[in-house]
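In: No sequence on hand, only this structure:
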């Protein structure tokens, strides 16, 4: 069975249930604020998938939200959604941020119906760091799948240390879970499970068929991104709002230099604030940083534009 699209392209319906699962970036102030938070989030997604018998095709963890593309039975995907929600809310309370989630964490599931839609949404999630202003290629972003598609998998599979080398007690402590994880999954020096261990990269490669086709989709048009963004019912193109970043910049001016506002700080002081915000990964966007610190965009590009923030 095939589906005829408006422009004449023959699209295929998917066999089985695929979905885009994501959290609402506007409902939580700082969901993945620290490196520890992001490692927890990166580990939680595969742990939840394994516990609920769901396959992961793509993931991305941002400062205020996460995305994942999954395959599994609808009831298992819903069970996974509840698992993630419960664990994230517990983590927020454990780390002293209960007040950030007065109404809990909103997590949605959008079903995916055709092969083209699946390709577009995989690329959308893969590119999400770029949409938020990350200045490098998407495979350089630390809190995503990494460089695992159309590569030498024999080499990639050798990275990290096998979870099987840890005792049950060590696994529980390192990964914050009682779920029994596959012993052949691997983790890095920070305690983060390496995405190549659990992502179904082979399914993604078969879907795109070739590196050329994958790269063609990678140059996703803005209208496709905007459409998916609208479907997700929240604006995920910017990881943090200008207002939130301005509030942080103002607070830094007060604590560091006893200035009531950014506008009253000297250029050197504003540059110090910019370095703090950029160094703490409060934004990956030079234009946004320029707006909130009242500094020249070209100057900031010279200082930060070539620095690595994976």
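Out: Done, it's in. On a predicted model such as this, the values are computed, not experimentally measured, just so you know.
In: Could you identify the longest strand within this protein?
Out: The strand spanning the most residues in the chain, taking DSSP state E as the definition, is strand 13-23.
In: Pull out the buried residues from that strand.
Out: Going by neighbour count (16 or more other Cβ atoms under 10 Å), the buried part of strand 13-23 is 14, 17, 18, 19, 20, 21, 22, 23. Any C-beta I mention is one placed from the backbone N, CA and C, and that applies to glycine too.
In: angle of the helix or strand that that strand is followed by against strand 13-23?
Out: Moving toward the C-terminus from strand 13-23, the next helix or strand (DSSP states H and E) is helix 35-51. Here helix 35-51 points in a direction 150 degrees away from that of strand 13-23 (axes from the mean of the first three to the mean of the last three Cα atoms, to 10 degrees).
In: Show the low-confidence segments of the stretch 51-200 of the chain, by residue range.
Out: Along the stretch 51-200 of the chain, segments meeting pLDDT under 70 are nowhere present.
In: tell me the helices in it, going along the chain?
Out: In the stretch 51-200 of the chain, the helices defined using DSSP state H, counting those that start in this stretch lie at 74-94, 115-126, 128-131, 153-156, 168-175.
In: Domain ranges for this protein, per the record?
Out: Domain ranges of the chain: 3-231, 242-304, per automatic domain parsing.
In: Could you report the neighbour count for residue 176?
Out: 18 (other Cβ atoms under 10 Å).
In: and the residue nearest to residue 177 when sequence neighbours are not counted, what does it touch?
Out: Nearest residue to residue 177, sequence neighbours excluded (Cβ to Cβ, 6 or more residues apart in numbering): residue 47, at 5.1 Å. Applying Cβ atoms under 8 Å, 6 or more residues apart in numbering to residue 47 gives the contacts 175, 177, 179, 181, 193.
In: Can you tell me which of the residues you listed are buried?
Out: 175, 177, 181, 193.
In: Can you name the two of these that sit furthest apart?
Out: 177 and 193 (10.6 Å; Cβ to Cβ).
In: hey, what's in contact with both of those two?
Out: 43, 47.
In: Run a quick neighbour tally on residue 245.
Out: Residues within reach of residue 245, counting by other Cβ under 10 Å, total 21.
In: which residue packs closest to residue 95, ignoring adjacent ones?
Out: residue 37 (7.2 Å).
In: Could you do residue 160 as well?
Out: residue 186 (3.6 Å).
In: so who does that neighbour touch?
Out: Residue 186 neighbours (Cβ under 8 Å, 6+ apart): 157, 159, 160, 161, 162, 163, 193, 194, 196, 197.
In: wait, doesn't the second one sit right on residue 188?
Out: Yes. Assessed by Cβ atoms under 8 Å, residue 159 is found in contact with residue 188 at 7.3 Å.
In: Name the residues contacting each of these two.
Out: residue 194.
In: re the thing from before, and which of the contacts of residue 47 is nearest to residue 68?
Out: residue 193 (13.9 Å).
In: Now for residue 70, how many residues are close by?
Out: 26.
In: Kindly report the same for residue 160.
Out: 17.
In: and if you look at the one 5 residues further on?
Out: Residue 165 has 11 neighbours, counted by other Cβ under 10 Å.
In: so how far is residue 172 from it?
Out: 15 Å (Cβ to Cβ, to the nearest Å).
In: Check residue 161 too.
Out: Relative to residue 172, and taking Cβ to Cβ, residue 161 is found at 17 Å.
In: again with residue 61
Out: Distance from residue 61 to residue 172, by Cβ to Cβ: 22 Å.
In: what's around residue 213, how many residues?
Out: By other Cβ under 10 Å, the residues close to residue 213 number 13.
In: All further residue positions should be reported with the first residue as 431.
Out: All right, first residue 431 from here; so that's residue 643.
In: What average pLDDT does the host helix or strand of it get?
Out: Assessed by DSSP H and E, residue 643 sits inside helix 641-648. Regarding helix 641-648, the rounded mean pLDDT is 87.
In: Compute the inter-axis angle for that helix and helix 545-556.
Out: Going by the same axes, to 10 degrees, helix 641-648 makes 70 degrees with helix 545-556.
In: ok, residues contacting helix 641-648?
Out: With Cβ under 8 Å, 6+ apart, helix 641-648 has contacts from 549, 550, 553, 556, 557, 568, 579, 580, 635, 638.
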